[in-house]
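[1] let me see the structure of the following:
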Amino acid sequence: MTALSPVDAALEGLRTMRRHPAVVLAWAAFSLVMLPLLGLLAKIVLSEQDRMNLALRQSSADPREILDFVSRLGGVMVLLIMLALVLGAILSGAIMRSVLHPDEKRFAYLRLGREELRLLGVSLITWAAALMVTIIPGGVLALGTALLAGTPAAGWFTFLGGLTVLGLSTWVAVRLSLLAPHAFLSGHIDPRAAWLVTHGQFWRLLGMIAMVIVMCVIVSILGATLSSIVGAVLAGGLEDPIAGGAATSHPRLILALLANLLLAPVFLTLQAVIVTSAPAAALRQLTADPA
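    Numbers count the residues shown, from 1 in each chain. Below is the predicted model of the structure:
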């Protein structure tokens, strides 16, 4: 097994953008079409109260509240989640294909086949792992903190428990970070084999993940800045948004909002390219035949 270069792997997303700018634009167009459609479907099948409840549950640390809400919605919520996962698997599959099988360029690497189904399975495994090592322990930590509130042990329990949950979550996340590209490349989902590939590479992979997070934050800041600039230009600077009537009726404000809606999927796609390309490049390095 060859040594992993964290910097080289983390920068694979930027190299993908440089090598295939037209393909990245095609991926952005895919997101630009599919994400609003998914949002429209959610708006159709979920009532306004359900959407408000979902927004509140997203910040909840209690897994019982989330599970209760999902079970109450039943098949509707399962359908929305599965559609979102399928769309994510298609985009992730295209990005991995561009890194691991760069010659398969047709349809901008976008497919819906066995590789994407395996990536969908990986998503479910990842969710299950997050449930076991993060959500449930986090719920236990929150419950224990509430029960010990006001006692001398509360502070230590929260501090040590928080470190334990954070450490366990980080360790499992890093050791499973190559599961998706491994399933894509090997043709089958094998968590044990993907786990073994990361043996002795924890700190290098953690460094890679840290750099990927920093780059995603930079892309997010650039996206927010560009959206603000475009919005200000289209809205005419917003010198006095109330003077001409309600701000929501201002035509340029409407254009600014539309521009922001169009830009958001583009920058989300760029982040997806960075996040997905890095582990694919890492696996390619670790499984390459030594020279």
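
[2] tell me how far the helix or strand where residue 25 lies is from the chain's mean position?
    If you go by DSSP states H and E, residue 25 is part of helix 21-45. Helix 21-45 sits 15 Å away from the centroid of its parent chain (CA atoms, centre = their mean, to the nearest Å).

[3] now do stretch 158-177
    Counting by CA atoms, centre = their mean, stretch 158-177 comes out at 19 Å from the chain centroid.

[4] CA atoms of it as CSV?
    Extracted in CSV, the C-alpha atoms of stretch 158-177 (Å, rounded to 0.1, in the frame of the first residue of the first chain):
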residue,chain,number,x,y,z
THR,A,158,-21.0,16.9,30.0
PHE,A,159,-17.3,17.7,29.3
LEU,A,160,-16.1,14.1,29.3
GLY,A,161,-19.2,12.8,27.6
GLY,A,162,-19.0,15.4,24.9
LEU,A,163,-15.3,14.5,24.3
THR,A,164,-16.2,10.8,24.1
VAL,A,165,-19.0,11.4,21.6
LEU,A,166,-16.9,13.7,19.5
GLY,A,167,-13.9,11.4,19.5
LEU,A,168,-16.0,8.3,18.7
SER,A,169,-17.8,10.1,15.9
THR,A,170,-14.6,11.4,14.4
TRP,A,171,-12.9,8.1,14.6
VAL,A,172,-15.7,6.1,12.9
ALA,A,173,-16.3,8.9,10.3
VAL,A,174,-12.6,8.8,9.3
ARG,A,175,-12.4,5.0,9.2
LEU,A,176,-15.5,4.8,7.0
SER,A,177,-14.6,7.8,4.9
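
[5] residues making contact with that stretch?
    With contact meaning CB atoms under 8 Å, 6 or more residues apart in numbering, stretch 158-177 is reached by 125-126, 129-130, 133-134, 137-138, 141, 144-145, 191, 194-195, 198, 202, 205-206, 209, 279, 282. Glycine gets a C-beta too; all of them are placed from N, C-alpha and C.

[6] do that again at 7 Å, thanks
    Applying CB atoms under 7 Å, 6 or more residues apart in numbering, the contact partners of stretch 158-177 are 126, 129, 133-134, 137-138, 141, 144-145, 191, 194-195, 198, 202, 205-206, 209, 279.

[7] buried residues in it?
    158, 161, 165, 169, 172, 173, 174, 175, 176, 177 (16 or more other CB atoms under 10 Å).

[8] stretch 210-222 now?
    Within stretch 210-222, the residues scored as buried using 16+ other CB under 10 Å are 211, 212, 215, 216, 219.

[9] for the last one, give its distance to residue 106.
    Relative to residue 106, residue 219 is positioned 28 Å away (criterion: CB to CB, to the nearest Å).
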